[in-house]
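1. Model the structure of this input:
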Amino acid sequence: METMMPVAPPQQKAGGLGRRLARLLRRKRSPSGAGMAYSVAGDEFDQSLDSSINSLSKLKLSGNLAAAYTLDAYFKNATEKKAAAAVPSPAPAMDAAKHAFVASLFAGVSAVKAAYAQLQLAQHPYDAEAIQAADAGLVAELTKLSDLKRRYTRDPVAAAKNAAALAAQADEQRHLLRTYEITARKLEAELRARDAEAERARAALADELRAADALEERVHPGSTLAALDDLHLSGLNATHFLTALRHAVKSVRSFSKAMLDAMRPAGWDPAAAAAAVHPGAALRHPGDAKFALESYVALKMFAGFHRRDFGLSALHDRGSHDRRRFFDEFLELKAAPAAAFLDTSSPRWGAFGEYLRDRYRSVVHERMETAFFGRPEPRAAVAAGAGAGAAFPQTAWFAEFAEMARRVWLLHCLFSAFDGDASIFQARAGSRFSEVYMESVGDVDGGEVTAPSPSGHLVVGFTVLPGFKVGRTVIQCRVYLSLPDPDRRP
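-> The predicted structure is shown next:
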């Protein structure tokens, strides 16, 4: 008897099933117009889908599980991707909450800084009530900052979500502005205190200067202007003029020394500079170049001294001033240093400012200023003029020059107050030395006197300081004596 073997069910080819699924997918991906076909032929679509599902079941049952598992994984992955795209990510919202929390933290720190600045302001000057109020405000801001930290430590997510970014940023800017206002008030208070301290120092300095002037007047009578404090026009005489002259000469000598000291670091040869100023005069010693520089400064400063307008066209209206006006100007100007009269916006001392500008440009050459300081800016500021609103340079060099100009201007005012009873003169180079009208700088400074020339007389190399004749009193000019030049006529 023949054994009957079970016949295996016919297997459906996977290729036909794949083609059927491909058709189904193409129909599903077709444009919206194809959707109408689905709605019309819905039964046909359902039958096709059922047939595909049945085929999948048969594949599973028949043992061709690889193809079935592959298709199941395909549909499962597609479904998961669609679900993941549909669910919104909470990351952007959480980032915004964190930013808002950080803004709140910075606002709290700014509030603490503002409260601490208020506490510092209340301590200087000391104010007990303001200190207590500021301390309470500081403690309150620290408490708020501590509460913020506690909430964040307990639940960071909730603390971040409860923060408002815009409000926190506004609070931070408000606290920063308050800090700046407090700092500005503190700086203003310090500035007022410094101004008061400077005013006290200026007053003390003025007292010391007056005491020093009085002491110097007692030791060296006539060397300062303290003796002219109670001067009246009716009692003006040659002694008063001599006192003012010594005061001016002292300043001329000081500035010429400053010029000489500036030449050496700049690489200038003082002897060569002296030869350029007085080319026909032979110096007896290399150190005598200081007399040539002093002569250069003095003759520039005293140029036009005999004229009431100093020979300046800008001061032509001073030619009509009387002696009383010159005397009053002398009394007013001698009471303060030159810095008090260098206000370019004030027309009161415009005449002195014009003289100062003209003489600075005449004495200090542009090449000299560039060699000394490396730049011609001070000269440019002086040459700008008061009409341009340019201020005078705030340097020690210009301050010393301005003081010298003030003293020469004072002497000129006093000279004009004599109303024609005073004159100025100087010795011509190569002229014979006269003990009546001249004074040798070698005799005065303790130097060696030049030996007489073969003709039996000394000659003038150059005038160091001009001389004056006030009434019947002759104030000798200071001259530098040198050997006569055989090619020069006496």
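2. Would you map the strands across the stretch 351-490 of the chain?
-> Secondary structure of the stretch 351-490 of the chain (DSSP state E, counting those that start in this stretch): strands located at 422-425, 438-440, 459-465, 467-470, 473-475, 477-482.
3. Which strands or helices does the last one pack on?
-> So the one you mean is strand 477-482. Strand 477-482 sits against helix 289-301, strand 438-440, helix 441-444, strand 459-465, with contacts defined as 3 or more Cβ pairs under 8 Å, 6 or more residues apart in numbering; DSSP states H and E. Every C-beta, even on glycine, is put in place using the N, C-alpha and C of the backbone.
4. what's it in contact with?
-> With Cβ atoms under 8 Å, 6 or more residues apart in numbering as the test, strand 477-482 has contacts from 281-284, 288, 291-292, 295, 425-427, 433, 437-442, 444, 449-450, 458-467.
5. Name every strand pairing with that strand and say which way it goes.
-> strand 438-440 (parallel), strand 459-465 (antiparallel) (DSSP bridges).
6. how far off helix 289-301 does the last one point, in degrees?
-> The directions of strand 459-465 and helix 289-301 differ by 60 degrees, with axes from the mean of the first three to the mean of the last three Cα atoms, to 10 degrees as the criterion.
7. ok, residues contacting strand 459-465?
-> By Cβ under 8 Å, 6+ apart, strand 459-465 touches 249, 252, 277-278, 280-282, 291-292, 294-295, 298-299, 426-433, 438, 441, 453, 477-485, 490.
8. Go through this protein and flag its longest helix.
-> Longest helix in the chain, counting residues (DSSP state H): helix 165-219.
9. downstream neighbour of that one in the secondary structure list?
-> helix 238-266 (DSSP states H and E).
10. Report the angle between that next one and strand 477-482.
-> With the same axes, to 10 degrees applied, the angle from helix 238-266 to strand 477-482 works out at 40 degrees.
11. quick one: average confidence on helix 238-266?
-> Helix 238-266 carries an average pLDDT of 90.
12. just checking, what packs against it?
-> Packing contacts for helix 238-266, counted by 3+ Cβ pairs under 8 Å, 6+ apart, involve helix 270-277, helix 289-301, helix 366-373, helix 396-416, strand 467-470, strand 473-475.
13. Give me the number of neighbouring residues for the residue lying closest to Ala258 once chain neighbours are set aside.
-> Closest residue in space to Ala258, ignoring its immediate chain neighbours: Glu400 at 5.9 Å, by Cβ to Cβ, 6 or more residues apart in numbering. Look at Glu400: counted by other Cβ atoms under 10 Å, it has 17 neighbours.
14. shouldn't Glu400 be in contact with Phe255?
-> Yes - proximity of Glu400 to Phe255 meets the contact threshold set by Cβ atoms under 8 Å, at 5.5 Å.
15. so where's the stretch 301-450 of the chain uncertain?
-> The model of the stretch 301-450 of the chain has pLDDT under 70 over residues 336-349, 376-378, 384-391, 443-450.
16. hmm, 90 instead?
-> 308-323, 328-358, 360-361, 364-400, 402-403, 406, 418-422, 429-435, 441-450 (pLDDT under 90).
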